[in-house]
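>>> when you get a sec, could you give me coordinates for this:
(2 chains)
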Number of protein chains: 2
Amino acid sequence: MLQPRSDEYFMQQALKEARIAFDEGEVPIGAVVVTNGKIIARGHNEVEKLNDPTAHAEMIALTSAFSHIGAKYLPDATLYVTVEPCLMCAGALYWSKITRIVWGADDEKNGHKRIAKEENPFHQKAEVTQGVLKEECAQLMKDFFKQMR
Amino acid sequence: MLQPRSDEYFMQQALKEARIAFDEGEVPIGAVVVTNGKIIARGHNEVEKLNDPTAHAEMIALTSAFSHIGAKYLPDATLYVTVEPCLMCAGALYWSKITRIVWGADDEKNGHKRIAKEENPFHQKAEVTQGVLKEECAQLMKDFFKQMR
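Below you'll find the predicted structure:
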């Protein structure tokens, strides 16, 4: 019998998306949406490509997930993202009614934790896991901003 | 010489968008983006139509505005929206670097004011005006939720 896949496995998949963003000159953040142990949507930052500062990995993965399941809520899904969601993405995750959110590296500057009053601005039943593969997720960001200077 | 158009004028245009949403069975919220006294983008709630809870009037109007000007920031623009932006839309407005945000009715339940720590989670230079045509904006919401019951 197949073992259920680990958080690390799915975060590696989100990192794969983040590396695509990196290679395209985008801030390297990636996300995947998982239901029943399967990836149903992927996304990476496309702010530069689309000339749209709202084109974050999470927004793209969520919209793709809604489209995939043909419904406007994700009650039995997990979003994996390499970096802590910003305020906008935290709001989008709230609206999605997603039940679990897993991120890698914290974002001291633009992460929602710095700005939202409640520790958990997501849907009230949402479970949050932080720090999965956080070194790899953070290192990719550091490498990107180092080469930008 | 043409008089510059008033906030009320542009909020009426946002209300026009909200009424389109109403007629389509969507929560009746509308928005317009204005630069140099001209409307460059419009949007209304399309959550039901697109099966996407992130398809808020502001998100649609912003993405349309970025596309119109071919840039990822709106440094000399005003967004008019009939109802106080939610956390997601407040975050999107932050990223847009928009300089002015005008809304009609407050949203006690989902408005960003209830959730964000800072009174103004937008770009630090953004100016905020609240309450323009607030009765009309609120009434449209009341009418919608009354007919839903």
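
>>> give the residue spans of chain A that score low on pLDDT.
Within chain A, the stretches with pLDDT under 70 are A:1-3, A:117-119.

>>> need the contact partners of the longest helix along chain A.
In chain A, taking DSSP state H as the definition, the longest helix is helix A:7-23. Contact with helix A:7-23 is made by A:27-32, A:34, A:39, A:42-46, A:57, A:78, A:80-82, A:102, A:104, A:129, A:132-133, A:136-137, A:140, A:143-144, as judged by Cβ atoms under 8 Å, 6 or more residues apart in numbering or on different chains. C-beta: built from backbone N, CA, C; applies to glycine.

>>> show me how far that helix is from its chain's centre.
Centre-to-centre, helix A:7-23 and its host chain are 10 Å apart (Cα atoms, centre = their mean, to the nearest Å).

>>> following it, which helix or strand shows up next?
The helix or strand immediately downstream of helix A:7-23 is strand A:30-35, counting by DSSP states H and E.

>>> counting contacts, what elements does that next one pack onto?
When contacts are defined as 3 or more Cβ pairs under 8 Å, 6 or more residues apart in numbering or on different chains; DSSP states H and E, strand A:30-35 packs onto helix A:7-23, strand A:38-44, helix A:57-69, strand A:78-83.

>>> which of the residues in the third one are buried?
Pointing back at helix A:57-69 there. Under the neighbour-count criterion of 16 or more other Cβ atoms under 10 Å in any protein chain shown, helix A:57-69 has A:Ala57, A:Glu58, A:Met59, A:Ile60, A:Ala61, A:Leu62, A:Thr63, A:Ser64, A:Ala65, A:Phe66, A:Ile69 buried.

>>> for the nearest residue to A:Asn51 once chain neighbours are set aside, give me its contacts.
Once flanking residues are discounted, A:Asn51 sits nearest to B:Lys72: 4.8 Å by Cβ to Cβ, 6 or more residues apart in numbering or on different chains. By Cβ under 8 Å, 6+ apart, the contact list for B:Lys72 reads A:Val47, A:Glu48, A:Asn51, A:Asp52, A:Pro53, B:Phe66.
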